[in-house]
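In: Provided below are the primary sequence and the corresponding predicted coordinates.
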Amino acid sequence: EYFPNVDKYIHYRVYSPIANQFAIIAEDVTERYLERNALEDTRIRLQIAAEGTNVLIWDWDLATNEISYSEQLETVFGYDEKCMENFVWVKHVHDEDIARVMQAINDYKDGVSDGFHAAFRYRHADGHWLWIGSGGKFLRHEAGKPIRFQGTTLDISHVKQIEEALQESEEKFKSIFDNLPTALFLFEPNAYLLEANAAALKMYGVASCKELNESDLLWQAEGFDLKAGLALAESVAKNGPRQAEWCSKDPQGNIRHTLLHITALNLQGKQMMLVASVDMTERKRIEKEKEEYRLKLSAVNKRQSVMMSVVAEFAKATADDLASSITAGLALITKLVKADRISVCKYDFDRSVVIIVGEWCAEGIDSQMDFLREAPLGYSEEWLEKHRKGQAVIINSVPDMSKQSLTRQVLMLQGTKSTLRVPLLRDENLVGFIGVHSIREQHEYTYEDVQIISEFGNELVNTIVQTALDKQIQESEERFRKLFANIPSVAVTGYDEYRR
């Protein structure tokens, strides 16, 4: 009963222990009454809120172990009033979930968690299983002991179906992602690698994305560092998908060439870069070999063409115009060997001199024919011994020669920065050499240059010998004609085919 003068709810009992006497026991139940009213108000509000929904409201009196349910127990779970008799909720939880559900309740009761929350399978009245989400709170008395357990339960089967469909979709995507033969990478905008499929990891010889991130194999090639990668990502973000060639390194430090197909993706509100990488290393190697072969073939064809022109030029040579033929031949050979000046020199061992017998000079380069037409053999002593053995001499940096070298002094006077000296041999006898001079800048002469000049020198020696023989024959014929013309009469005898 409520006593307004003290604003209290008093529960009292009257009894008569002795005849004609009675006793009254009064108890202040204000707090309990208010708590019960508050619980009832909460239950009513929840009931009103749950009406027309699939939310089940339950109230578990821990003192009596009685549980009351809202009408959704029937509409959602199929259990009617008849089923409510002797209804034990825990018996309808799936065997695989019951331990987890009870653990969640005990964790909340023991203060491990701040509330009860669990998702588990619950059997419908007709026997099929529902996925439900349940949550609740304890109501405690002043000492903190739980006296009631109230909460809600919601059918979340459709949510689970969506989750399972998403999981299945993700598993399918991951399966496709992992098993594609093309290397796939998923980067954050800062170029941090999030995912890489098996083909990508195999390409770089690593076991995980972490290992690939830590190795920096993707960013080690010159000109293809992290800064270049970020610039590429920014370009894709602004302008859309694109292809790009990229160079990186394998674990052995070898350059790996790849063709990238880069697409910007928006995943869960974050921009990502999906990169499909095709290994082009072997293709690049083959292309390089093809290009080298093409260049070699082109060089061989060019060399053959030039040498044929040299042979044709020398074939026209006579003793009278040999010097001009030599100059023309030297001009042709500069198409194959870099030179500012080329000279043909003869060793005259009887007089101990070197004689320039032919020369070609590029435009703007001074001739040495008048300056050093004949030079003491001592100027050539530093390479003469090699020439006697049929060996060429290459000096790629004249200024770096010993300053005490007489050869250096002569070459410096000629303005030569680099030179190649190839011996001329006739029947294995040294007769001279061809000197190739680089005047304007230093040049690295090679064994191939030696071969070209040697081939040219052989043609030149043969031409000189042939023109000398032709001249001798011509002079002999001339003497014979003069002799024959001065004889008054000549009898010529001989035999015919029948020796008559």
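Out: The structure has been received and is ready for your questions.
In: Give me the number of neighbouring residues for Gly205.
Out: A count of nearby residues for Gly205, using other CB atoms under 10 Å, gives 13. (Glycine included, C-beta is placed from N, CA and C.)
In: now do Val275
Out: Counted with other CB under 10 Å, Val275 comes out at 25.
In: same question, Gly364
Out: 8.
In: Can you classify it as helix, strand or coil?
Out: At Gly364 the chain is in coil, as set by DSSP: H, G, I helix; E, B strand; the rest coil.
In: what's the answer for Val354, then?
Out: Per three-state DSSP, the secondary structure class of Val354 is strand.
In: how about it, what does it touch?
Out: 345-348, 374-377, 379-380, 432 (CB atoms under 8 Å, 6 or more residues apart in numbering).
In: what are the ranges of the helices in the stretch 301-450 of the chain?
Out: 322-333, 381-388, 406-413, 447-485 (DSSP state H, counting those that start in this stretch).
In: With respect to Ala119, which of those helices lies nearest?
Out: helix 447-485 (79.3 Å; CB to CB).
In: which helices and strands sit right next to that closest one?
Out: helix 281-315, helix 322-333, strand 418-426, strand 429-438 (3 or more CB pairs under 8 Å, 6 or more residues apart in numbering; DSSP states H and E).
In: Hey, what's the angle from it to helix 322-333? Just curious.
Out: Relative orientation of helix 447-485 and helix 322-333, computed by axes from the mean of the first three to the mean of the last three CA atoms, to 10 degrees: 160 degrees.
In: in helix 447-485, what's buried?
Out: If you call a residue buried by 16 or more other CB atoms under 10 Å, then helix 447-485 has these buried ones: 449-450, 452-457, 459-461, 463-464, 467.
In: Same check on stretch 270-286?
Out: Residues 272-277, 280-281, 284 are the ones in stretch 270-286 that count as buried (16+ other CB under 10 Å).
In: measure it end to end?
Out: 41 Å (CA to CA, to the nearest Å).
In: now that stretch: how far from the chain's centre is it?
Out: 6 Å (CA atoms, centre = their mean, to the nearest Å).
In: Please apply the same query to stretch 452-467.
Out: 53 Å.
In: Restricting to C-alpha, output stretch 458-468 in CSV.
Out: Provided in CSV are the C-alpha atoms of stretch 458-468 (Å, rounded to 0.1, in the frame of the first residue of the first chain):
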residue,chain,number,x,y,z
ASN,A,458,95.7,-7.7,-98.3
GLU,A,459,93.7,-6.3,-101.2
LEU,A,460,96.0,-3.3,-101.3
VAL,A,461,99.2,-5.4,-101.3
ASN,A,462,97.8,-7.6,-104.1
THR,A,463,96.9,-4.5,-106.1
ILE,A,464,100.4,-3.0,-105.6
VAL,A,465,102.1,-6.3,-106.7
GLN,A,466,99.7,-6.7,-109.6
THR,A,467,100.2,-3.1,-110.9
ALA,A,468,104.0,-3.6,-110.6
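In: Residues in contact with it: which ones?
Out: 307, 310-311, 314, 317-319, 322, 325-326, 329, 344, 424-426, 431, 434.
In: out of the helices of the stretch 301-450 of the chain, nearest to Thr153?
Out: helix 447-485 (89.3 Å).
In: Mind checking which of the contacts of stretch 458-468 are buried?
Out: Among the contacts of stretch 458-468, the ones that count as buried by 16+ other CB under 10 Å are 307, 310, 314, 317, 322, 325-326, 329, 344, 424-425, 431, 434.
In: Can you tell me which of those is closest to Phe224?
Out: Nearest to Phe224 out of the buried ones among the contacts of stretch 458-468 is Met307 (CB to CB; 43.5 Å).
In: ok so, going back, quick check: which of the helices and strands packed on helix 447-485 is nearest to Gly229?
Out: It's helix 281-315; of the helices and strands packed on helix 447-485, that one is closest to Gly229 (CB to CB) at 18.6 Å.
In: Distance to Arg121 and pLDDT for the buried residues of helix 447-485 - can I get that in CSV?
Out: Listed next are these as CSV, based on distance: CB to CB, whole Å; pLDDT from 0 to 100:
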residue, distance to Arg121, pLDDT
Asp449, 86, 95
Val450, 88, 95
Ile452, 88, 94
Ile453, 92, 95
Ser454, 92, 94
Glu455, 91, 94
Phe456, 94, 94
Gly457, 97, 93
Glu459, 98, 92
Leu460, 100, 92
Val461, 102, 91
Thr463, 104, 89
Ile464, 107, 87
Thr467, 110, 84
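In: Please name the bridge partners of Asn266.
Out: Using DSSP bridges, the bridge partners assigned to Asn266 are Gln271.
In: Could you list the low-pLDDT ranges of the protein?
Out: 1-54, 81-87, 142-143, 487-500 (pLDDT under 70).
In: I'd like to know how far Ile342 sits from Ala328.
Out: With distances taken as CB to CB, to the nearest Å, Ile342 is found 12 Å from Ala328.
In: overlap in contacts of these two?
Out: Joint contacts of Ile342 and Ala328 (CB under 8 Å, 6+ apart) do not exist.
In: what are the ranges of the helices in the stretch 1-150 of the chain?
Out: Going by DSSP H, counting those that start in this stretch, the stretch 1-150 of the chain shows helices at 30-50, 72-77, 81-84, 98-109.
In: before we move on, could you check phi and psi at Gln404?
Out: phi -80, psi -10 (degrees, to the nearest 10).
In: what's next to stretch 259-277, contact-wise?
Out: 182-189, 194, 200, 203, 232-233, 236-237, 240-246, 258, 278, 280.
In: Could you do stretch 428-442 as well?
Out: So stretch 428-442 is contacted by 337-347, 354, 357, 362, 365, 387-388, 390, 396-397, 414-425, 445, 449, 453, 456-457, 460-461 (CB under 8 Å, 6+ apart).
In: Just the CA atoms from that stretch would do, formatted as CSV, please.
Out: Provided in CSV are the C-alpha atoms of stretch 428-442 (Å, rounded to 0.1, in the frame of the first residue of the first chain):
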residue,chain,number,x,y,z
GLU,A,428,104.8,-13.3,-94.7
ASN,A,429,107.4,-10.6,-95.1
LEU,A,430,106.7,-7.2,-93.5
VAL,A,431,106.5,-4.5,-96.2
GLY,A,432,104.6,-1.7,-94.4
PHE,A,433,101.5,-0.8,-92.4
ILE,A,434,98.3,1.1,-92.5
GLY,A,435,97.9,3.8,-89.8
VAL,A,436,94.4,4.8,-88.7
HIS,A,437,94.2,8.1,-86.8
SER,A,438,91.5,9.6,-84.6
ILE,A,439,92.2,13.3,-84.5
ARG,A,440,89.0,15.0,-83.2
GLU,A,441,88.4,12.7,-80.2
GLN,A,442,89.6,9.6,-78.7
